[in-house]
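Asks: just need the structure, nothing else, for what follows:
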Amino acid sequence: MKGKEIDLIEKIQKTMKYILQFLLGSVIILCVGVGCNKEDDVVQPAVYDVSKSYSLKDVEYGKDAAQRMDVYLPANRSSDKTKVFVMIHGGGWSAGDKADYTATMDAFKNYFPGHAIININYRLGTQQSPGYPKQIQDIQSALDEIKKQKYNVSEQYLLFGGSAGAHLSLLYAYAFDPDHHVKGVVNTVGPVDLTDTLLTGNVVLMGVVGGLLGKAIYDYKSNEALFVEASPAKRVTATSPPTISFYGDKDPLIPVTQMPLLRKALEEKAVWHYDTIYPGGGHGLWASEAQNQDYINRTIGFINQFFK
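Replies: Below you'll find the predicted structure:
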């Protein structure tokens, strides 16, 4: 890649951080039709009474300051029955925060009061310290923390992510969950195939991918194997979990080819999936109230089918 293109990508990366932070606040949240409650946070006790519910802020799952998660533990939980929602924020792998999903977390408490929830932060990526594989490692570390006996929840997970968070959710579920603890993935506008020419040929989008793959974006040809390795659509197997996906055909960040590439990979392996591309929809910004409600209804239906 030429020097001028490298300089342009680096400028784009700085600009995109601010754009992505704005878009992240607009990704659809499941608060329509229910009251999103704000519970008081509690000090983390040494022992958790299984008969009581707990809302915990900034639980440490690693030594880095970014390795923190919010945790909701429902009352009357048990290690064999209480399933866990795992929420993973977006932000181009280089921005964003778990606070982007606070309202969604509250909505899930209303819709599914018997489920536990973790909403994670993870180490953000830079060209010097790319998001892959450390962000996948952070998901594993968060799950290792929540499965500790003191929380009394099961090792059954449903991953819920938007944008880069959806990419990480899919990649972890398809390629880094050998014991198949992930029972489903809700994918909202996640990039799924980093080898797509509509992505690799776009300087702006490659600048965003730099948060995940670092300086490898400057020489795609030499690093193609890494792009394949980090592409969820390339990691689908016959045992991949059920997946529901939502995209908009006016998304400025995700090429319209991405959803069909994931659909093809899932169909080839006979994995249960549902997907929709909303006409006029953007990067998680759907074009009408009817589309918003369809998104909510289908997400709830998917969870009721595979994760009740």
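
Asks: can you list contacts of stretch 234-241?
Replies: 171, 173-175, 177, 180, 182-185, 193, 195, 228-229, 262, 265-266, 268-271, 306 (Cβ atoms under 8 Å, 6 or more residues apart in numbering). Every residue, glycine included, has its C-beta placed from N, CA and C.

Asks: which parts of that stretch are buried?
Replies: Neighbour counts over stretch 234-241 (16 or more other Cβ atoms under 10 Å) mark 234-236, 240-241 as buried.

Asks: same question for stretch 102-112.
Replies: For stretch 102-112, using 16+ other Cβ under 10 Å, the buried residues are 102, 104-109, 112.

Asks: just the helices in the stretch 201-308 of the chain please.
Replies: 203-213, 224-229, 258-268, 289-306 (DSSP state H, counting those that start in this stretch).

Asks: these: which one's closest to Val84?
Replies: Smallest distance to Val84 across the helices of the stretch 201-308 of the chain (Cβ to Cβ): 12.3 Å, for helix 289-306.

Asks: now do that closest one: distance to the chain's middle.
Replies: 17 Å (Cα atoms, centre = their mean, to the nearest Å).

Asks: now for that helix, which elements pack on it?
Replies: Using 3 or more Cβ pairs under 8 Å, 6 or more residues apart in numbering; DSSP states H and E as the contact test, the elements touching helix 289-306 are strand 182-188, strand 243-248, strand 273-278.

Asks: select, out of those strands, the one closest to Arg77.
Replies: Short answer: strand 182-188, nearest of the helices and strands packed on helix 289-306 by Cβ to Cβ, at 17.0 Å.

Asks: neighbouring contacts of the next helix or strand along the chain from the closest one?
Replies: Downstream of strand 182-188, the first helix or strand assigned by DSSP states H and E is helix 197-200. With contacts defined as Cβ under 8 Å, 6+ apart, helix 197-200 is touched by 191, 193-194, 205-206, 209, 220, 227, 255-258.

Asks: closest to Phe246 among the residues you listed?
Replies: Closest to Phe246, out of all of these and judged by Cβ to Cβ, is Gln258, at 11.9 Å.

Asks: okay, that closest one: pLDDT?
Replies: As predicted, Gln258 sits at a pLDDT of 98.

Asks: hmm, Leu194 and it touching each other?
Replies: No. The pair Gln258 / Leu194 is not scored as a contact, 9.7 Å apart, by Cβ atoms under 8 Å.

Asks: mind checking which of the two has more residues around it?
Replies: Leu194 (28 against 24; other Cβ atoms under 10 Å).

Asks: I'd like to know how far that one sits from Ala175.
Replies: 13 Å (Cβ to Cβ, to the nearest Å).

Asks: and Lys234, by the same measure?
Replies: Counting by Cβ to Cβ, the gap from Lys234 to Ala175 is 9 Å.

Asks: on that earlier part again, and the two most separated of the contacts of helix 197-200?
Replies: Distances among the contacts of helix 197-200 were taken as Cβ to Cβ; the most separated pair is Tyr220 and Val256, at 20.5 Å.

Asks: which one's more surrounded, these two?
Replies: Higher neighbour count among Tyr220 and Val256: Tyr220, with 20 against 13, using other Cβ under 10 Å.

Asks: do you know how far the more buried one is from Trp286?
Replies: In terms of Cβ to Cβ, Tyr220 sits 32 Å off from Trp286.
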